[in-house]
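S.K.: my questions concern the predicted model and sequence given below.
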Amino acid sequence: MDTLPVELLRLVFSHCDPKSVRSLRQVTRILADVGYEYLLSPKFTAVGWRNDIDRLHSIALNDRLRGSITSICIFLGELSYYDAWSTSPFQHFITPSDQRNALMGSARQEFDRIEKGRKAIGPLYLRADDLREACSALPNLKDLEITFTRCPLENDLLREVFDSPNCRKLDRPQTYSNLDAIIFALHGIPLLSFKVDRMPLEIFRLPHHRTHWYTHAQSFNALHSLNLTLDPSGLQGPGSAFRAVNGLGRILQLAKQLRKFKLAFHPYTSENSKFALSFRELFYDFTYKQLTDLTLEGVSCEEDDLKDFLARHGATLLRLRLGGRGLAKPVEVSLGGIHLYEGTFKSLFTGLRAKLPKLERLHLEGIFECEHQDLPSHEAYNFYPLTNENWEELPRPRWVRSSRRTINCQPFEHYVLFGGPYPKTALVEQDDY
């Protein structure tokens, strides 16, 4: 292989997994040299109980390795000890007691190891300068994800309890500081995608944090994909919510080149509720000129307000997702739907037929309901998912059954895209399966 051109050797390495790269580099000195830059995965993962920021800093200062990193995923989620241990026995109540005790013992040891490491390392914001120096030295960094809801652990029991929202804890002041440190580190970096799956909405109400984000989020100017899930449970009163939404809107409007946008609200204090949102207050008359994919989840709004916001994107919008899983546990129906406190879904979907002429796909998931339950126009639906967020087909969830009166959104998608009668009859047929 030493006689092959370097370009072909690079091609070979590009198709190898990390283990194969290490083995191939041991064959000859030339292969060791060419394969050096393939030692690292392009996706860097940082967790709070390892010296990952030091490791990232070292990579960023290495002339040959710094170009390998294209995306960073930072895990900030933590388990609530007492909630986790009180939940786990119920998840394994049919497991023989000796096996259950072994599972819990192994999980407790893993939990203690992680917490010991977390205390030794300290919170992320203490390494803000190192993180910024590292990120600014990575020439190919394009994607950044911050996750509080996914578990990077291999222990099965810890992964199971992490799926329960009530088992996750969030130190809100520390989270503000950690998020501030991350956006500070991204200053001036032309990211293409940015994702946070649990962001305290009140951070945009607090003047210092709001100013900090607006100052350092200028890298959003280049974003093609923005995925934000907001936690509004720290807000107190309508005035607080108004200021937070106003601050959020200033940040969202920096991302002028967005093509894919997801905006979700997960109220941890009440998992079934929706966040009352005014699109007029959030965006005014702002429009994303290149938006093709939009997802809205966990929102309570006016029909006309939502319809006007969607209509502004009618020239480019190809795919629309309303609703999602929300904070549902794996065995529960999807909770993150849409609530209309004024108007009806029939009027909304009828209006969208004319206002979104380029729309190719529509997906609905979760609990959809409008106000005025005593009126004939009242509508309430519970949609189960047909596709994931990449529009790949999903098998029907195990929790779908007729007693829960869950339906799929195909009749509504057909109605919006192609017209015909409003799909009340089709829903009755679905309930009979």
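M.R.: Now that the structure is in, tell me what you want to look at. Residues are numbered from 1 along each chain as shown.
S.K.: below-threshold pLDDT in the protein: ranges please.
M.R.: By pLDDT under 70, the low-scoring segments of the chain are 1-7, 9-13, 21-22, 24-25, 27, 31-39, 87-101, 373-375, 425-433.
S.K.: biggest strand in it, by residue count?
M.R.: strand 361-370 (DSSP state E).
S.K.: which element follows that one toward the C-terminus?
M.R.: For strand 361-370, the following helix or strand on the C-terminal side (DSSP states H and E) is strand 380-383.
S.K.: contacts for stretch 47-61?
M.R.: Stretch 47-61 has contacts (CB atoms under 8 Å, 6 or more residues apart in numbering) with 40, 44-46, 65-66, 68-69, 72, 75-76, 78, 113-118, 120-121, 123-124, 127, 130-131, 133-135, 137-138, 152. Bear in mind the C-beta positions are built from the backbone N, C-alpha and C, glycine included.
S.K.: return the alpha-carbon coordinates of it using PDB.
M.R.: Extracted in PDB, the C-alpha atoms of stretch 47-61 (Å, rounded to 0.1, in the frame of the first residue of the first chain):
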ATOM      1  CA  VAL A  47     -19.800  15.200  29.400                       C
ATOM      2  CA  GLY A  48     -19.600  16.800  32.800                       C
ATOM      3  CA  TRP A  49     -17.700  14.100  34.700                       C
ATOM      4  CA  ARG A  50     -14.600  13.900  32.400                       C
ATOM      5  CA  ASN A  51     -11.900  16.400  31.400                       C
ATOM      6  CA  ASP A  52     -13.400  16.700  28.000                       C
ATOM      7  CA  ILE A  53     -12.900  20.500  27.700                       C
ATOM      8  CA  ASP A  54      -9.200  19.900  28.400                       C
ATOM      9  CA  ARG A  55      -9.100  17.200  25.700                       C
ATOM     10  CA  LEU A  56     -11.000  19.500  23.200                       C
ATOM     11  CA  HIS A  57      -8.600  22.300  24.000                       C
ATOM     12  CA  SER A  58      -5.600  20.000  23.300                       C
ATOM     13  CA  ILE A  59      -7.100  18.900  20.000                       C
ATOM     14  CA  ALA A  60      -7.800  22.500  19.000                       C
ATOM     15  CA  LEU A  61      -4.100  23.500  19.600                       C
END
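S.K.: are any of the contacts of stretch 47-61 buried, and if so which?
M.R.: Among the contacts of stretch 47-61, those buried by neighbour count (16 or more other CB atoms under 10 Å) are 40, 44, 46, 65-66, 68-69, 72, 75-76, 78, 114, 121, 124, 127, 130-131, 134-135, 137-138.
S.K.: tell me the buried residues in stretch 274-283?
M.R.: By 16+ other CB under 10 Å, the buried positions in stretch 274-283 come out as 274-279, 282-283.
S.K.: stretch 48-59 now?
M.R.: If you call a residue buried by 16+ other CB under 10 Å, then stretch 48-59 has these buried ones: 48-49, 52-53, 56-57, 59.
S.K.: strands of the stretch 251-400 of the chain, start to end?
M.R.: Counting by DSSP state E, counting those that start in this stretch, the stretch 251-400 of the chain has strands at residues 260-265, 275-276, 293-297, 299-302, 319-323, 338-342, 361-370, 380-383.
S.K.: likewise for the stretch 51-200 of the chain?
M.R.: Under the criterion DSSP E, counting those that start in this stretch, strands of the stretch 51-200 of the chain are mapped to 71-75, 78-79, 143-147, 168-169, 193-200.
S.K.: now these as a markdown table including distance to E303?
M.R.: Below are the strands of the stretch 51-200 of the chain laid out as a markdown table (distance: least, CB to CB, whole Å):
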| stretch | distance to E303 |
| --- | --- |
| strand 71-75 | 38 |
| strand 78-79 | 39 |
| strand 143-147 | 33 |
| strand 168-169 | 34 |
| strand 193-200 | 27 |
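S.K.: of all those, which one is nearest A311?
M.R.: strand 193-200 (26.2 Å; CB to CB).
S.K.: quick check: angle from that closest one to strand 71-75?
M.R.: Counting by axes from the mean of the first three to the mean of the last three CA atoms, to 10 degrees, strand 193-200 lies at 10 degrees to strand 71-75.
S.K.: how far off centre is strand 193-200?
M.R.: Put simply, strand 193-200 sits 6 Å off its chain's centre (CA atoms, centre = their mean, to the nearest Å).
S.K.: stretch 211-222 too?
M.R.: On CA atoms, centre = their mean, the centre of stretch 211-222 falls 19 Å from the chain's centre.
S.K.: re earlier: out of the buried ones among the contacts of stretch 47-61, which are inside helices?
M.R.: Among those, the ones falling in helices (DSSP state H) are 114, 121, 130-131, 134-135.
S.K.: and which of these is nearest to L327?
M.R.: L327 lies nearest to I114 out of those, by CB to CB, at 23.5 Å.
S.K.: tell me the contacts of the closest one?
M.R.: Residues near I114 by CB under 8 Å, 6+ apart: 49, 153.
S.K.: correct me, but Y268 touches P165?
M.R.: Yes. With contact defined as CB atoms under 8 Å, Y268 reaches P165; the gap is 6.2 Å.
S.K.: can you check which residues contact both of those two?
M.R.: Joint contacts of Y268 and P165 (CB under 8 Å, 6+ apart) are L327.
S.K.: OK, contacts around the residue nearest the centre of the chain?
M.R.: Most central in the chain under CA atoms, centre = their mean is D197, positioned 3.9 Å from the mean C-alpha point. If a contact means CB under 8 Å, 6+ apart, then D197 has 146-150, 227, 229 as its contacts.
S.K.: go again using 10 Å as the cut-off
M.R.: Contact analysis of D197 by CB atoms under 10 Å, 6 or more residues apart in numbering lists 76-77, 145-150, 227-229, 231, 262, 264, 266.
S.K.: ok, now S219?
M.R.: Contact partners of S219, counting by CB under 10 Å, 6+ apart, are 135, 144, 183, 185-191, 194, 254-255.
S.K.: wait, what's in contact with the residue nearest to R312 when sequence neighbours are not counted?
M.R.: Nearest residue to R312, sequence neighbours excluded (CB to CB, 6 or more residues apart in numbering): T287, at 4.5 Å. Residues counted as contacts of T287 (CB under 10 Å, 6+ apart) are 253, 256, 309, 311-316.
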